[in-house]
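Colleague: need coordinates for the following:
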Amino acid sequence: MKKVVIVILILVAGFAIVKLFFANKGESGAGGPKQEALTVSKNSVAFNESVEKLLNSYFLLKDGLTEYDTSRVNNAAAALALAADSLATSELRGDTTGVIKQTAEDFAGSISGSSKVLTSEPDLIKKKRIFNLISDAVYNLVRTVKYDRQKLYHQHCPMAFNDEEEAFWISNSNKIVNPYLGTKHPKYKASMEACGDITDSLDFSK
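Modeller: Next up, the predicted model:
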């Protein structure tokens, strides 16, 4: 009789342990917290892809300027102009009056035109001045269409030109990598690459 009772107790204990194991596994998934669902974008896939292409070209341009690489700068600026010309503004949603679409097209036109001028400009300092204008247009474009696929940072250099003129740029990282002073500045070399601050963050995913 004692043996039967012991067997029953063992079976009950074993069942409780198995039940507890699977309950914990269901809560934590594969050893970690449950993944949250991706935020659904307010705009179409085609529109988001066109903005992403524009931003990627812009970031390549920024990186080329940081490294004082004229060839990379020109190639990226040409790609940026093409991306701006191809921006899928017809895919914008929630624009009942057409004002957002028109405003976005105006900023895209500014980006395209300035990028083409930048490509043909031989002087690197003047290229960086044009880049400042492009950055302003990109910042306002993102705010206008409320691009919600990544968080972006509006960053600022207080001494971009002549040690006293400020300029701005857009980054997908909160780390400061200054494209105006860069890694090969004639006066500072790479010592001022981290100079700057964040003036705004753009996150329309919420």
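Colleague: so what's Y147 closest to, chain neighbours aside?
Modeller: V51 (4.9 Å; Cβ to Cβ, 6 or more residues apart in numbering). Using the backbone N, CA and C atoms, a C-beta is placed for each residue, glycine as well.
Colleague: pLDDT score assigned to that neighbour?
Modeller: With respect to pLDDT, V51 scores 98.
Colleague: would you list every one of the strands in the chain?
Modeller: 152-161, 165-171, 197-202 (DSSP state E).
Colleague: out of those strands, flag the one nearest L65.
Modeller: Among the strands of the chain, strand 165-171 comes nearest to L65, with 8.8 Å by Cβ to Cβ.
Colleague: chain center to the closest one: distance?
Modeller: Chain-centre distance of strand 165-171: 15 Å, with Cα atoms, centre = their mean, to the nearest Å.
Colleague: what strands line up against it, and which way round?
Modeller: With DSSP bridges as the test, strand 165-171 is paired with strand 152-161 (antiparallel).
Colleague: check contacts around the spatially most central residue of the chain.
Modeller: The geometric centre of the chain, computed from its C-alpha atoms, lies nearest to N172 (Cα atoms, centre = their mean), at 3.5 Å. By Cβ atoms under 8 Å, 6 or more residues apart in numbering, the contact set of N172 is 55, 59, 150-153.
Colleague: using CSV, lay out the strands of the chain together with mean pLDDT and distance to Q102.
Modeller: Formatted as CSV, these follow (pLDDT from 0 to 100; distance: least, Cβ to Cβ, whole Å):
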stretch, mean pLDDT, distance to Q102
strand 152-161, 98, 22
strand 165-171, 98, 22
strand 197-202, 98, 21
